[in-house]
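1. I need the structure of the sequence given here:
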Amino acid sequence: MDAFIVNTGDQFEWKQPKAIARLFELKRGEDLFGTLEFRSFWGTLAFSKDPVQNWSFKRVGFLNPQVTVRMPGADSDYALFFPRLFSGGILRPPDGRLVNWEPLNFWRTEWQFSEIRGFPILSFHQRYQPEGKVKFSEIFKIHAHAKVESNHITNLEFSILVNLGFYLLVMQAMDSAAIAAASS
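-> Here you go, the predicted structure:
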């Protein structure tokens, strides 16, 4: 954990190796940095692993949904994410500081975590298709770039935000697919 240092401008990329699997890889350059894997194809429970900290994420509740964030083996939540009705939400980590999750564009392909005062911490740019020549097998995969925007982020904050942010993007894609299937 001590060997890893987060710096402003550091970039990472989330990739989905296989469209039919709900396993995602976080890469730093060409090197595997972490993973996010869902327990089942339709469930909301996911586990992340990276050199800083492992996490579990689970969306719970119907009328008042939230995402629980836990460390492995813990009996209580480390943090809670409260989604807003139409987009975004608030993360409440244990230090009491609130962190915004907000879209940066109309299409909801760019997102960021920011401090309540609006200072960006970590941004995401979601891609539905990889750059260059597109293979049919790549169309249904979820990809996203993550960029460190703050020089005040700790390794632990980075770990929770880079994993939770991508978890939220995957959940958004799942919800959109479910709505599209139900309306057809």
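2. mind listing what the spatially most central residue of the chain touches?
-> Against the mean C-alpha coordinate of the chain, by Cα atoms, centre = their mean, the closest residue is Phe166 at 1.8 Å. Counting by Cβ atoms under 8 Å, 6 or more residues apart in numbering, Phe166 touches Trp14, Phe24, Leu26, Leu36, Phe124, Ala144, Ala146. From N, CA and C alone the C-beta is placed, and that goes for glycine too.
3. go on, Asp10?
-> By Cβ under 8 Å, 6+ apart, the contact set of Asp10 is Arg28, Lys147, Val148.
4. The chain: strands as residue ranges?
-> With strands called from DSSP state E, the chain shows them at 11-15, 23-28, 31-38, 46-49, 55-60, 66-70, 79-83, 89-92, 99-103, 110-115, 120-127, 143-148.
5. tell me the contacts of the closest residue in space to Phe38 that isn't next to it in sequence?
-> Spatially, and ignoring its direct neighbours in sequence, Phe38 is nearest to Arg22 (3.8 Å; Cβ to Cβ, 6 or more residues apart in numbering). Taking Cβ under 8 Å, 6+ apart as the criterion, Arg22 is in contact with Glu37, Phe38, Ser40, Phe41, Ala46, Val170.
6. what residue ranges in this protein score low on pLDDT?
-> 1-3, 128-139, 177-178, 184 (pLDDT under 70).
7. and if we set it to 90?
-> The model of the chain has pLDDT under 90 over residues 1-6, 19-21, 41-42, 62-64, 85-87, 96, 116-118, 127-142, 151-152, 173-184.
8. these two touch, right, Ile116 and Trp101?
-> No. Counting by Cβ atoms under 8 Å, Ile116 does not reach Trp101; the two are 11.7 Å apart.
9. who's more crowded, those two?
-> Taking other Cβ atoms under 10 Å, Ile116 and Trp101 do not tie; Trp101 has more neighbours (23 against 10).
10. Surely that one touches Gly165?
-> Yes. Using Cβ under 8 Å, Trp101 is in contact with Gly165, at 7.1 Å.
11. Can you tell me the closest non-neighbouring residue to Asn100?
-> Distance criterion Cβ to Cβ, 6+ apart; nearest residue to Asn100, sequence neighbours excluded, is Ser114 at 4.9 Å.
12. repeat for Lys141
-> Nearest residue to Lys141 in three dimensions, chain neighbours excluded: Gln16, at 4.1 Å (Cβ to Cβ, 6+ apart).
13. What separation do you get for the one you found and Gly165?
-> From Gln16 across to Gly165, the span is 15 Å (Cβ to Cβ, to the nearest Å).
14. These two: which is more packed in?
-> Counted by other Cβ under 10 Å, Gln16 and Gly165 do not tie: Gly165 has more neighbours, with 24 against 19.
15. Would you confirm that that one contacts Val99?
-> No. Gly165 lies out of contact with Val99 (Cβ under 8 Å); the separation is 10.3 Å.
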